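[1] my questions are about this predicted structure, shown below with the sequence.
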Amino acid sequence: MDTWYTKQSPIFKEKECKSVIHEFTVKGHKGLTINPYQGCGHRCGYCYATYEWSPEFYNRIYAKSNVAGVLEKQIKSRKYQNIDSVMISSATDAYQPAEVKYGLTRKCIEVLQKYNVPYYVFTKSKIIERDLKLHQRYKDKCFLVWSITTTDENIRRLIEPGTPPVNSIFNVIKRFTDAGICCCVNIDPLIPLITDDPYHVHEVVDRSYNAGVRYVFGALLRLRSDIWERMKIILKLLHLEKAIEEYKNTIYRFEEPLKLWCNVGAIKSYETRSLQNLREIAIQKGMILDFPDINRNSRPNSNKHRGVDQELILKYL
């Protein structure tokens with residue numbers, strides 16, 4: 001675990017890829033994703049992308065140097081001629097520090113715009129501010145998602161030490177919403193006994209709303225053997241040693257050791273309570289608990305970024 005929590009900068013390496021568009025399935029939803037990088041320097045202790053195939057995920061970042069050319073070739077192929085939308089990125093942060101050096105995410109977005117492909121970006125970074133005008137010119141066919149777990153800097157520095165201060169993130173979000181770009185905040189994961197209490201959730205939702213965000217969603221932390229080992233360190237660093245047993249006996253109900261690469265979710269009653277708390281807080285602000293439909297927004301005469309969708313809100317009550 002010392003390879004996760006370290007102040008050393010990651011090593012950047014270049015490599016070529018054979019394909020860049022990949023299919024993924026999450027909770028029955030099928031989609032396409034692009035990952036210009038392998039690995040991530042944000043060092044989030046709860047990261048789901050730290051699979052066995054990438055043991056140096058935090059410390060060695062691979063830049064897929066030919067990614068833009070391969071992407072264009074795939075889009076022009078018969079298989080990908082009619083793409084509804086693409087996620088950037090599902091297993092890394094497209095705007096992590098490596099992007100400053102390589103600019104691969106920007107190149108991919110230019111290709112997507114060239115072929116009229118809608119896209120959505122997940123990031124924790126402020127580096128995306130560099131591409132504000134790039135996204136603004138395509139604002140009816142894209143939306144940007146910032147993953148924010150907490151506004152507490154003491155907690156942030158422990159659980160995701162490579163991310164920028166949250167104040168700077170909200171300042172960047174405000175610039176994007178002021179530019180008319182559809183932005184969302186994803187409170188994922190909600191971390192039991194750390195960031196899932198009403199105070200923490202209120203803080204994130206309130207600041208998102210004040211930054212002009214109208215879409216918000218979230219999910220409760222899932223555990224896996226490697227994630228659990230890192231979470232035990234985090235709980236100890238936060239002086240929440242007793243929470244380790246509460247995770248095992250009450251919230252997640254599992255026995256150690258966890259089976260390798262087996263995901264463990266919280267018990268249903270705890271998950272329902274945490275998500276209902278998020279829903280109530282967001283609805284109080286008139287926010288929408290879902291993704292915007294960029295495929296709908298990209299059609300002529302569509303109701304772009306309509307504000308509060310009452311039918312969608314009622315679905316969550």
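    Looks like it arrived, so ask away. The shown structure was predicted, so the numbers you read here are calculated from the model rather than taken from an experiment.
[2] low-confidence regions, this structure specifically.
    1-3, 26-29, 52-53, 295-317 (pLDDT under 70).
[3] which residues in it form strands?
    Using DSSP state E, the strands of the chain run over 11-15, 21-26, 29-34, 37-38, 60-64, 86-88, 119-123, 142-147, 183-190, 215-220.
[4] redo the ones you listed as CSV? Include mean neighbour count.
    The C-beta positions use only the backbone N, C-alpha and C, and glycine is treated the same way. Converted to CSV, these look like this (neighbours: other CB atoms under 10 Å):
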stretch, mean neighbour count
strand 11-15, 13
strand 21-26, 12
strand 29-34, 15
strand 37-38, 22
strand 60-64, 20
strand 86-88, 22
strand 119-123, 21
strand 142-147, 24
strand 183-190, 23
strand 215-220, 22
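[5] including distance to residue 284, could the ones you listed go into JSON lines?
    Below are the strands of the chain laid out as JSON lines (distance: least, CB to CB, whole Å):
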{"stretch": "strand 11-15", "distance to residue 284": "44"}
{"stretch": "strand 21-26", "distance to residue 284": "28"}
{"stretch": "strand 29-34", "distance to residue 284": "27"}
{"stretch": "strand 37-38", "distance to residue 284": "38"}
{"stretch": "strand 60-64", "distance to residue 284": "40"}
{"stretch": "strand 86-88", "distance to residue 284": "29"}
{"stretch": "strand 119-123", "distance to residue 284": "25"}
{"stretch": "strand 142-147", "distance to residue 284": "21"}
{"stretch": "strand 183-190", "distance to residue 284": "15"}
{"stretch": "strand 215-220", "distance to residue 284": "12"}
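[6] the nearest residue to residue 258 once chain neighbours are set aside: how many residues sit nearby?
    Distances taken as CB to CB, 6 or more residues apart in numbering put residue 225 closest to residue 258, at 4.3 Å, once the chain neighbours are dropped. Residue 225 sits with 16 neighbouring residues when counted by other CB atoms under 10 Å.
[7] thinking again about what came up before, out of the strands of the chain, which is closest to residue 103?
    strand 60-64 (9.5 Å; CB to CB).
[8] and the closest one, what does it pack onto?
    strand 11-15, strand 37-38, helix 98-102 (3 or more CB pairs under 8 Å, 6 or more residues apart in numbering; DSSP states H and E).
[9] what are the buried residues along the last one?
    Spelled out, it's helix 98-102. Neighbour-count burial for helix 98-102 flags 98-99, 102 (criterion: 16 or more other CB atoms under 10 Å).
[10] so how far is it from its chain's centroid?
    Taking CA atoms, centre = their mean, to the nearest Å, one finds the center of helix 98-102 at 19 Å from the center of the full chain.
[11] kindly report the same for stretch 33-47.
    Worked out by CA atoms, centre = their mean, stretch 33-47 lies 10 Å from the chain centre.
[12] could you do stretch 225-242 as well?
    The answer for stretch 225-242 is 21 Å, by CA atoms, centre = their mean.
[13] which residues of this protein fall in helices?
    Counting by DSSP state H, the chain has helices at residues 67-76, 98-102, 104-114, 132-136, 153-159, 166-178, 198-210, 225-237, 241-246, 268-284, 294-297, 310-316.
[14] can you convert these into TSV and add a column each for distance to residue 55?
    Output for the helices of the chain, formatted as TSV (distance: least, CB to CB, whole Å):
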stretch	distance to residue 55
helix 67-76	22
helix 98-102	18
helix 104-114	22
helix 132-136	34
helix 153-159	21
helix 166-178	29
helix 198-210	32
helix 225-237	10
helix 241-246	25
helix 268-284	30
helix 294-297	35
helix 310-316	39
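[15] kind regards, and thank you for your time.
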